[in-house]
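Undergrad: Take a look and give me a structure for this.
(chains A and B)
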Amino acid sequence: MSSLTLHDVRITGAEGSRNYINDEYGALSWLLTKDHKRIAILYLISITIMFLLGGSFAVIMRVELLTPEGDLLTSDTYNKMFTLHGIVMIFFFLIPVIPAILGNFILPIQLGAKDFAFPKINLLSWYLYIFAAAVGLYVIITGGVDTGWTFYTPFSTQYSNTHVIGVTFAGFIAGFSSILTGLNFIVTIHRMRAPGLTWYRLPLFVWALYATSVVMLLATPVLAITLVMLMFERFTGIGIFNPAIGGDPVLYQHMFWFYSHPAVYIMILPAMGVASEVVAAFTRKKIFGYRFVAFSSLGIAFLGFLVWAHHLFVAGISVYSALIFAFLSFFVAVPSAIKVFNWTATLYKASVSWATPMLYILGFIGLFTIGGVTGLFLAALGLDIHVHDTYFVVAHFHYVMVGGTVMAYLAGIHYWWPKITGRMYNEFWARLAALLVFVGFNLTFFPQFILGYLGMPRRYHAYAPEFQVLNVMSTAGASILAVGYALPLIYLGFSLRFGRKAGVNPWGAVGLEWTTSSPPPKHNFEETPVVTWDAYDYPAMMKAVGETQNV
Amino acid sequence: MSDTTLHAHADEHPPHHPFLQHHFEDLGQQHEASTLGMWMFLTTEILFFGGVLCAYWIYRVMYPAAWAEAASLQNWQMGAINTIVLIISSLTMALAVRASQLGQRMGTVVMLVLTLLFGGIFLGVKGYEYSVHFHEGLFPGAQTFTWHENPALAPQVQLFMAFYFTMTGLHAIHMVIGAGLLLWFIRRAWRGDFGPEYYAPVEIMGLYWHFVDIVWIFLFPFLYLIHSAGGHHG
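TA: I've put the predicted structure just below:
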């Protein structure tokens, strides 16, 4: 009988044992590591730095928008601010954050594997990320870029006199980092599962990362070639996208969004995976409709490729193709709604534990729902034309990306923090931060729905005076949000030294990662686990715990 | 390594093959993983080339006359020679995989060297074509594009040439990377790394090489063999 069974809810691990952190010492042992857990830590540090950088651009914008006049920044500087905010947050934070940090650390352990199939490629993808970030930082220091994160032609190819080639090159390199991560995930999920770990026994986080990886593999190369053509065009001025000599700027938009709309699902699918893990762990129940949740991830990944032109409704595409893309866009709501309904059904009549990860996920479910439903407004042709390029759009995608992805990331980092570091954080401060993030987020972005509906356009540093009250509310909310984001940096850092020891399974959760010590040993398990149970088999575990107590 | 896991398995299995990486259970799993990895990578490559081919095709539909005119400026004989050279190189690559499976060390080395040789011939011919285009003023760009034989079509001919250089250039970069890999593989084959138990690297090198070959099989007709319905001829 293996020492690892489902019903072992081990409270303490072997103290002072060797783990991935104290196995080797020295900077090189980290910078040249092939251990997926150490690479996850490298990503954690670098992505956090990029988040703070991207956030600082947002702070500058919110301060500018306190007053209707463009008094703090010139319009040129403001253009650079929202461009850099978008590029840093999307390419260097939202896309890698959950896969590269939480996925890197947890996925092989959830599979019962010693590492990814290609540990060297995993490290290479981190170096590509760092190289891309370095190019991006160079561009920022030497004057920035002002095209918006979408690099629309012909502005980006002919008129902008900022560092378009540098920043698109950075995006190109970051894309390869993302492709290699996705490739590693898919091969590992196919080929490295522990004995007995069938597809339907996989945690839903694995299904979500699988779907994410499919999108990374199929969409990112199209962005890469599009950016190559953009750079070539800007370099030589030959007119691939220049209407004056036969090119078509709308073709650029099609090709850009063929990647960038699926990229939204690269950001949200892993978040949904985290939500499934946390909901099950803190309700002590099996996820309602496991297979529906699993396949809805693949459904979202598939449908995500068929909706890109809803970004082009006012770009001069034909009414008929716009109708078709609107129709297909509505369809994406179906698998997304399946997930929300199944999480809700799991919560029904459960004894919900109000631990920090669960607070974030409850926030996630609500905010993602608002973000998703307002996405349906935007998919409707008539309304989209009214609110196109207004703050309504800004509010919509921040509800999905920040209210969705960032909330779920925070849930995940709190949920797995004891496993990653072996320490517990302070629950009081963590709950307070979760509350501040929720309140701050809504105060920041809900007024922007109203602003957009009233007609305030995005991407301007000045606005009409009647919009000031709502903008002041939004900036006030952003301040609260900033405090909410800063707190975890403090108390999580504090926990590294002063946190109480977490033990093997502080949440009493089911899953292979909760059967190995915290922090895990270098090769994750003392012996390869044999899986004989379904994912989230909390009923069986509760029963086993009850029997133990009765004895 | 102070690795209990490794030792646990060392008890159950015969001594490890020198090229078995520690995180795999056996060579079979390692082989399957690396093969699947290469197929996944080639999938991204299809999308990468697919993007530019899609753009090429849209403009071809928009400007059929210019596309036919520009294709007639290509030297189809050179393209045909290169097509044959690449197909032969794919054959020698396949024979290299076969030789490594059979444990024929010299056979593997010879076939890999031949593959590299044919790849080199391809790149040489391509370089010659590039230099001719440059002298003819067909390289896209404000200073370099000086072709004026048909002024009405010149902007779109330049657009075609932009696709020509982007697509054949990306293809050539893949060939150069493949040639670099071949050099490394020749050294490994010479050292006797490969054999009936361990030939996966040669096999996935082959997959890559065949893929690059297939890309050319598409590029050749798309760039050299277009004739418009109106009857422009090369």
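
Undergrad: Residues touching stretch A:198-212, excluding its own?
TA: Stretch A:198-212 is contacted by residues A:99, A:103, A:106-107, A:110-111, A:182, A:185-186, A:189, A:193, A:265-266, A:269-270, A:272-274, A:276-277, A:287, A:290-291, A:293-294, A:297-298, A:300-301, A:511, A:531, A:533-536 when judged by C-beta atoms under 8 Å, 6 or more residues apart in numbering or on different chains. Using the backbone N, CA and C atoms, a C-beta is placed for each residue, glycine as well.

Undergrad: Select the longest helix from chain B.
TA: Longest helix in chain B by number of residues (criterion: DSSP state H): helix B:154-191.

Undergrad: pLDDT (mean, whole number) over it?
TA: Helix B:154-191 shows a mean pLDDT of 95.

Undergrad: close to chain A, is it?
TA: Yes: shown here: helix B:154-191 in contact with chain A (C-beta under 8 Å from any C-beta of the partner chain) through B:155-156, B:158-159, B:162-163, B:166, B:170.

Undergrad: what does the stretch 401-550 of chain A have sitting close to chain B?
TA: Taking C-beta under 8 Å from any C-beta as the contact definition, the stretch 401-550 of chain A meets chain B at A:522-523, A:525-528.

Undergrad: just those now: which is nearest chain B?
TA: Closest approach to chain B among those (C-beta to the nearest C-beta): A:His523, at 4.4 Å.

Undergrad: Make TSV out of the residues of the stretch 401-550 of chain A next to chain B and add pLDDT and neighbour count.
TA: Output for those, formatted as TSV (pLDDT from 0 to 100; neighbours: other C-beta atoms under 10 Å in any protein chain shown):
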residue	pLDDT	neighbour count
A:Lys522	93	23
A:His523	92	23
A:Phe525	92	23
A:Glu526	87	16
A:Glu527	88	13
A:Thr528	89	18
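
Undergrad: could you point out which element follows the helix or strand of chain B with the lowest mean pLDDT?
TA: One helix or strand of chain B scores below all others by mean pLDDT, DSSP states H and E: helix B:4-12, with a mean of 44. Next in sequence after helix B:4-12, counting helices and strands by DSSP states H and E, comes helix B:27-62.

Undergrad: Buried ones in that next one, by neighbour count?
TA: For helix B:27-62, the buried set under the neighbour-count rule, 16 or more other C-beta atoms under 10 Å in any protein chain shown, comprises B:27, B:29-38, B:40-45, B:47-49, B:51-56, B:59-60.

Undergrad: Filter these to keep only those in contact with chain A.
TA: Applying C-beta under 8 Å from any C-beta to the buried residues of helix B:27-62, one finds that B:29, B:32-34, B:36-37, B:40-41, B:43-45, B:47-49, B:51-52, B:54-55, B:59 fall near chain A.

Undergrad: Write out the residues of the stretch 1-150 of chain A neighbouring chain B.
TA: Contacts of the stretch 1-150 of chain A with chain B, taken as C-beta under 8 Å from any C-beta, map to A:18, A:113-119, A:121.

Undergrad: tell me the least confident of these?
TA: Across these, the member with the lowest pLDDT is A:Arg18, scoring 86.
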